[in-house]
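J.: The following block contains a protein sequence and its predicted model.
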Amino acid sequence: MKLHNTVKSISYVKSHASEILNKISDSHATYVITQNGEAKAVIQDIEEYDKLQESLAMLKLIAQGRKDIDAKRTRPLKESFKLIRAKIAGRFN
């Protein structure tokens, strides 16, 4: 991502909000908003935001899985399916 085109001051954003939103929507760009020369916020296309949230959720699941492996909180696949089938059968009996 080339940030030099997407770093804008808050005053620029205030006066060009509609234009920026159109560009974000069309190009899925992410804008960094500055105040007094410092990055303070990000404006991002909603679809890109959703993708980012899904990616973060997957990374959290992977990290939790690694912790479970390290803590020996695992079981063989066949045993797992056996337990799942027993739980399902218990609900319908």
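T.: Alright, I've got the coordinates.
J.: Can you get me a residue count around residue 27?
T.: For residue 27, the neighbour count with other C-beta atoms under 10 Å is 10. Any C-beta I mention is one placed from the backbone N, CA and C, and that applies to glycine too.
J.: now the spatially most central residue of the chain: how far from residue 46?
T.: Residue closest to the mean C-alpha point of the chain, counted by C-alpha atoms, centre = their mean, is residue 53 at 1.8 Å. Per C-beta to C-beta, to the nearest Å, residue 53 is found 10 Å from residue 46.
J.: for residue 68, same thing?
T.: On the measure of C-beta to C-beta, residue 68 and residue 46 end up 33 Å apart.
J.: so how far is the helix or strand hosting the residue nearest to the centre of the chain off the chain centroid?
T.: Here residue 53, judged by DSSP states H and E, is contained in helix 46-70. Relative to the mean C-alpha coordinate of its chain, helix 46-70 is positioned 8 Å out (C-alpha atoms, centre = their mean, to the nearest Å).
J.: next helix or strand past that helix?
T.: Defined by DSSP H and E, the subsequent element after helix 46-70 is helix 77-92.
J.: who does that following helix touch, helix- and strand-wise?
T.: Helix 77-92 is packed against no helix or strand, with contacts defined by 3 or more C-beta pairs under 8 Å, 6 or more residues apart in numbering; DSSP states H and E.
J.: Keeping just the C-alphas, turn that helix into PDB.
T.: What follows is helix 77-92, C-alpha atoms only, in PDB (Å, rounded to 0.1, in the frame of the first residue of the first chain):
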ATOM      1  CA  LEU A  77      -9.600 -36.900  15.700                       C
ATOM      2  CA  LYS A  78     -11.500 -40.200  16.100                       C
ATOM      3  CA  GLU A  79     -12.000 -39.600  19.800                       C
ATOM      4  CA  SER A  80     -13.200 -36.100  19.100                       C
ATOM      5  CA  PHE A  81     -15.800 -37.300  16.600                       C
ATOM      6  CA  LYS A  82     -16.900 -40.000  19.000                       C
ATOM      7  CA  LEU A  83     -17.600 -37.400  21.700                       C
ATOM      8  CA  ILE A  84     -19.400 -35.100  19.200                       C
ATOM      9  CA  ARG A  85     -21.600 -38.000  18.000                       C
ATOM     10  CA  ALA A  86     -22.400 -38.900  21.600                       C
ATOM     11  CA  LYS A  87     -23.500 -35.300  22.400                       C
ATOM     12  CA  ILE A  88     -25.600 -35.200  19.300                       C
ATOM     13  CA  ALA A  89     -27.200 -38.500  20.100                       C
ATOM     14  CA  GLY A  90     -27.900 -37.300  23.600                       C
ATOM     15  CA  ARG A  91     -29.900 -34.400  22.300                       C
ATOM     16  CA  PHE A  92     -32.200 -36.500  20.200                       C
END
